[in-house]
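Trainee: predicted model follows, preceded by the sequence.
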Amino acid sequence: EEIAALYPAFCARKPSPLSELSIQYGDFAVWQRQWLQGKVLQTQLDYWKRQLGSTYPQLAFPKPPSRSRVESSQGAKQSFTLSKDLSEAINLLSRQEGVTLFMTLLAAYQVLLHCFTGTEDIRVGSPIANRNRVEIEKLIGFFINTLVLRIDLSGNPSFRELLVRSRKITLEAYAHQDLPFEKLVEELQPERNLNHNPLYQAWFVLQNAPMPQLELPGLTLSSFEIERDTVRHDLLLAIWESSEGLDGHFIYKTDLFDEASISKLIEHFRTLVYHVVTQPDTTLDEIATKLTKSDEQQQRIQKQELQVAEHKKLKMIKRKTIRN
């Protein structure tokens, strides 16, 4: 918004049309340090210590046998799209259950991680804009904080029950979002490891604040994505709304996952989302069974395709032999 206002004024040699800010980023930083002390700080710390517990188990992703024992930060990405019909069904379920799209997709992602690792204690890191005061909404500066969203999947709950749990942990996390993540790690003193984050290994982000089209006089603007071959998390799921439905991608450590594993993970995620939005009372065990059957069906299809290809190859060889 600032660029859209400043650039035409600059071209016309006019002064800035923007009004002066009432506070600066430094003012907010000073205020936060003065406010986040004593009882306020202790309340935030007590919540996160209670929520995250005293042990921080690592997600045990099934590592491909060919991969190195020493993990690096090398990464790759695979993209996918959830159809418009499926995306509308996800939004409809969210409205019916009184949860946000973020809460529904987070619960689905945590179920996927459970099915992939067998872990019932799932912790996912997620960014939050942290601009929860009117005065700082338009302030330039880095306010983003990291929240650790931990869900208990024990007891074979239905997906509908998980939405209730997801809403509870998300709203509580929002209410305690002011504690800087670095301060939380400093207080909890988890065992540090250069290969992974001490409190979570999976990351989830829903990009639900779309950028408005920026049009400037005399300029043609286009956006492009910066490709990186290094990653900060073992597995990252990012989703955003588009005209096609819900687009997304998985970014992953190539020391932990190969391309085939992520392709399988995407199909599992698509299958999982379809089943939980059409049958929200489906339990975790039933979801796991459906994914297993989906794998078996895919394996049968691949086997049939291989047999057909082999049959065609043999027929071609016979034809060549007859001609010769």
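Mentor: That came through, no problem. Residues are numbered from 1 along each chain as shown.

Trainee: what about the residue positioned nearest the centre of the chain, distance to Phe102?
Mentor: Against the mean C-alpha coordinate of the chain, by C-alpha atoms, centre = their mean, the closest residue is Phe204 at 1.9 Å. Computed with C-beta to C-beta, to the nearest Å, the distance linking Phe204 and Phe102 is 9 Å. Where you see a C-beta, it was placed from the backbone N, CA and C, and this is true even at glycine.

Trainee: ranges for the helices of the protein?
Mentor: 2-11, 25-35, 38-52, 84-97, 101-117, 159-175, 181-188, 259-278, 284-323 (DSSP state H).

Trainee: most tightly surrounded among those helices?
Mentor: With neighbours defined as mean count of other C-beta atoms under 10 Å, those peak in mean count at helix 101-117, which reaches a mean of 23.

Trainee: elements contacting that helix?
Mentor: Helices and strands touching helix 101-117, as assessed by 3 or more C-beta pairs under 8 Å, 6 or more residues apart in numbering; DSSP states H and E, comprise helix 84-97, strand 121-128, strand 145-152, helix 159-175, strand 202-207, strand 235-242, helix 259-278, helix 284-323.

Trainee: so which of the ones you listed comes closest to Ile251?
Mentor: Of all the helices and strands packed on helix 101-117, strand 235-242 sits nearest to Ile251, with 4.2 Å by C-beta to C-beta.

Trainee: isn't Thr254 right up against Gln78?
Mentor: No - in terms of C-beta atoms under 8 Å, Thr254 does not count as a neighbour of Gln78; the distance is 11.4 Å.

Trainee: which of those two has more residues huddled nearby?
Mentor: Ranked by neighbour count (other C-beta atoms under 10 Å), Thr254 and Gln78 place Thr254 first, with 19 against 16.

Trainee: tell me the contacts of the more buried one?
Mentor: Gln74, Gly75, Ala76 (C-beta atoms under 8 Å, 6 or more residues apart in numbering).

Trainee: kindly report the same for His114.
Mentor: Contacts of His114 were listed using C-beta under 8 Å, 6+ apart, and they are Glu120, Ile122, Leu153, Leu284.

Trainee: most neighbours, which of the residues you listed?
Mentor: Looking at the contacts of His114 with neighbours defined as other C-beta under 10 Å, the largest count falls to Ile122 at 22 neighbours.

Trainee: what pLDDT is listed against that residue?
Mentor: Per-residue confidence for Ile122 comes out at a pLDDT of 95.

Trainee: which intervals of this protein have sub-threshold pLDDT?
Mentor: Along the chain, segments meeting pLDDT under 70 span 63-71, 195, 210-211, 294-324.

Trainee: before we move on, back to that, for the contacts of Thr254, which one is nearest Arg232?
Mentor: Comparing the contacts of Thr254 against Arg232 with C-beta to C-beta picks out Gly75 as the nearest, at 8.6 Å.

Trainee: count of neighbours near that closest one?
Mentor: Residue neighbour count, defined by other C-beta under 10 Å, stands at 21 for Gly75.

Trainee: got the CA coordinates for stretch 209-229 in CSV?
Mentor: Backbone C-alpha positions of stretch 209-229 (Å, rounded to 0.1, in the frame of the first residue of the first chain) are rendered in CSV as follows:
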residue,chain,number,x,y,z
ALA,A,209,-3.7,-12.8,3.6
PRO,A,210,-3.5,-12.5,-0.2
MET,A,211,-1.4,-9.7,-1.7
PRO,A,212,-3.5,-7.1,-3.6
GLN,A,213,-2.6,-6.5,-7.3
LEU,A,214,-0.1,-3.7,-7.4
GLU,A,215,-0.3,-1.4,-10.4
LEU,A,216,2.1,1.5,-10.8
PRO,A,217,2.2,4.0,-13.7
GLY,A,218,4.7,3.2,-16.4
LEU,A,219,5.6,-0.2,-14.9
THR,A,220,4.8,-3.8,-15.6
LEU,A,221,5.1,-5.9,-12.4
SER,A,222,5.3,-9.6,-12.0
SER,A,223,6.1,-11.9,-9.1
PHE,A,224,8.4,-14.8,-9.0
GLU,A,225,9.3,-17.4,-6.4
ILE,A,226,12.8,-17.7,-5.1
GLU,A,227,13.9,-21.3,-5.3
ARG,A,228,16.1,-22.5,-2.4
ASP,A,229,17.9,-25.8,-2.1
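
Trainee: show me what that stretch is in contact with.
Mentor: For stretch 209-229, contacts defined as C-beta under 8 Å, 6+ apart pick out 1, 3-4, 7-8, 11, 74-77, 129, 240-241.

Trainee: out of these, who's nearest Glu172?
Mentor: Ala129 (17.6 Å).
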